[in-house]
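S.K.: just a sequence and a predicted model for now, questions to come.
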Amino acid sequence: MKIAALILRSSAAFLAGAGVSVSAFSPVTSKRSSGAASEHSSWAVKTPRSSTQLHQFAPSQQGLVDVADIYSPRDVYSMEEWATQYGLQKAEGVELYSEDGGNDYQLLTQSGCAAGQTVVFVPADIVLNSLSIQQEFGNSLQQAEAAVVQIDQGTEYRLPLFRLMVKILVEYEKGQESMYYPWLNSLPRQYYNGVSMTKACFTCLPPYAGWLTSTERINFYHFSTALRQVSDYGPISRNTILNKKVVRWAYNVALTRFHEVWQPERAKVIGPVADMLNHSAEPNCEITVDYDGNVNVQALYDIPAGSLLTISLGDPTNPTPIFAQYGFLPQDCATIFCKAMHLDPQIKELGYDFTDLLFQVETGEIAPRVWDVFLYDILQKNDPNAAQQFYMACQTNDEGSKQQYAGEYFPYTLDSLKQHVYGIMSDCENLTMKAQSYDVNLHPRVPVIVAHNQLVSQTFAMTAALLEQMG
């Protein structure tokens, strides 16, 4: 996910310390609302005011954003003008950029950026903030949130995402009367993540990827079901709530564009223009949010002219969660999860995480803890006392004892790993063939699914070669 650190200082003080002209990058006072402080913290949470000026940037046709037309052009430059009108600031040379004819947009610096420099400033007036949304809708939102939690207790931690989705739906329904219309009209209509996949798509994914993508789809289902159950939910009409395409689009917008902050209170925020930053395993920027709710994009180090501005959207060691949430496969990932979903109980017992259990993409090399998990499974099945001793060795980092068991049971562990690796390779081959048999016009996510499966197959093939060299 996108994670944003909260900077506990004012934007003006930060910008002055970074050597940037405060007058050039401070919020435009005439566009700021007074903003009441949150009742629960000292963080000023602001609700954007309405505007009549934005309509000069709106398309001539009246009505709502056409969510159903996946080929509808993204009007990002009108959105940029609108945001600038509200106080958006960009460092010299920072531009919106598309290398595919306008399907996907990124931010690029033509002039270069200095380490610590604020390259984009998004004023709180146009930032969507789950805390301010909670205040804006009050009791009616609480009713819907109660319905979400009643459906599944596990979704409570995702309520900030639900609030963003509700806000997007409310603003969508206002059409061009919404101050956010230029931003909504700049967004993609089509998504390729787990929420958007067809049922056939899920049958073409290995278990781990299938689990992650279906989890996102299930969460969307819980959100949309909760809205339908609250029939008297004021801010959104029944017609919009029952429009699956619109609700799914709003969920995808929230899911793929939020940044999370944790201090002084947990919240999810979306900063127009800042949400155009794309992913890199080695990002050159980070997103911060100050106490006033302003969003800042800062350079992590000196960035050469002509470079794309990037952030991290997730763990670079494990691309599958990024694939499930955002619908693309990172091209710069160095590792992938070993896919040992059948050993999830052993992974949890040892206190390991999926990020510990990796294969190197370029070499197929196996992380040491992968061997631990497979060995632990073998010991549990054949020698419970030895399994307990090995468990204690793992918990106390007793490498000597671990190596003793690893050597004694190596042939069995090696054979178990081989079976797993060859099984995944066979599954991926069959799943890829199945995916390629589908009509891409009916299942447009097939290409990214095939790319994911091929990455797994190629990595596991190198791992298999290493295992064969071991015996």
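M.R.: Yep, that arrived. Numbering: from 1, shown residues only.
S.K.: who's in contact with stretch 100-108?
M.R.: The contact list for stretch 100-108 (C-beta atoms under 8 Å, 6 or more residues apart in numbering) reads 73-74, 76, 94-99, 119-120, 188, 273, 276-278, 297, 306-309. Heads up, the C-betas are built off the backbone N, CA and C, glycines and all.
S.K.: just the buried ones among these, please.
M.R.: Among these, the ones that count as buried by 16 or more other C-beta atoms under 10 Å are 74, 76, 94, 96, 119-120, 188, 273, 276-278, 297, 307-309.
S.K.: mind checking which of those land in strands?
M.R.: If you go by DSSP state E, the buried ones among the contacts of stretch 100-108 have 94, 96, 119-120, 278, 297, 307-309 in strands.
S.K.: quick one, what contacts the residue nearest to Phe258 when sequence neighbours are not counted?
M.R.: Excluding the flanking residues, the one nearest Phe258 by C-beta to C-beta, 6 or more residues apart in numbering is Lys268, at 4.3 Å. Residues near Lys268 by C-beta under 8 Å, 6+ apart: 129-130, 160-161, 163-164, 254, 258-261.
S.K.: now with 10 Å?
M.R.: If you count contacts by C-beta atoms under 10 Å, 6 or more residues apart in numbering, Lys268 has them with 1-2, 4, 128-131, 133, 158-164, 254-255, 257-261.
S.K.: ok, Leu164 next?
M.R.: Listed by C-beta under 10 Å, 6+ apart, the contact partners of Leu164 are 128-130, 133, 250-251, 253-255, 257-258, 267-270.
S.K.: if you set the cut-off to 8 Å instead, what comes out?
M.R.: Taking C-beta under 8 Å, 6+ apart, we find Leu164 in contact with 128, 130, 133, 254, 258, 268, 270.
S.K.: just give the nearest non-adjacent residue to it, would you?
M.R.: Nearest to Leu164 is Ala254, by C-beta to C-beta, 6+ apart, at 3.8 Å.
S.K.: what about the strands in the stretch 51-200 of the chain?
M.R.: 89-90, 94-97, 106-109, 118-122, 128-129 (DSSP state E, counting those that start in this stretch).
S.K.: pull up the pairing partners for the last one, direction included.
M.R.: According to DSSP bridges, strand 128-129 forms sheet pairs with strand 267-270 (antiparallel).
S.K.: to the chain's geometric centre, what's the distance from the strand it pairs with?
M.R.: 12 Å (C-alpha atoms, centre = their mean, to the nearest Å).
S.K.: got the buried residues for the host helix or strand of Val370?
M.R.: Element membership for Val370 (DSSP states H and E) is helix 368-382. Going by neighbour count (16+ other C-beta under 10 Å), the buried part of helix 368-382 is 369-380.
S.K.: got a list of contacts for that helix?
M.R.: Here helix 368-382 has contacts from 338, 340, 343, 346-347, 349-350, 352, 356-359, 386-387, 390-391, 394, 402, 405-406, 409, 412-413, 416-417, 420, using C-beta under 8 Å, 6+ apart.
S.K.: likewise for stretch 343-350?
M.R.: If you take C-beta under 8 Å, 6+ apart as the criterion, stretch 343-350 is touched by 340, 353-354, 357, 369, 372-374, 376-377, 380, 391, 394-395.
S.K.: ok, these vs Phe328, which is closest?
M.R.: Checking the contacts of stretch 343-350 against Phe328 by C-beta to C-beta gives Phe354 as the nearest, at 19.5 Å.
S.K.: give me every residue that touches the nearest residue to Thr335 once chain neighbours are set aside.
M.R.: Setting aside the residues directly before and after it, Thr335 is nearest to Leu358 in space (C-beta to C-beta, 6+ apart), at 4.0 Å. With contact set as C-beta under 8 Å, 6+ apart, Leu358 has these partners: 317-318, 335-338, 367, 370.
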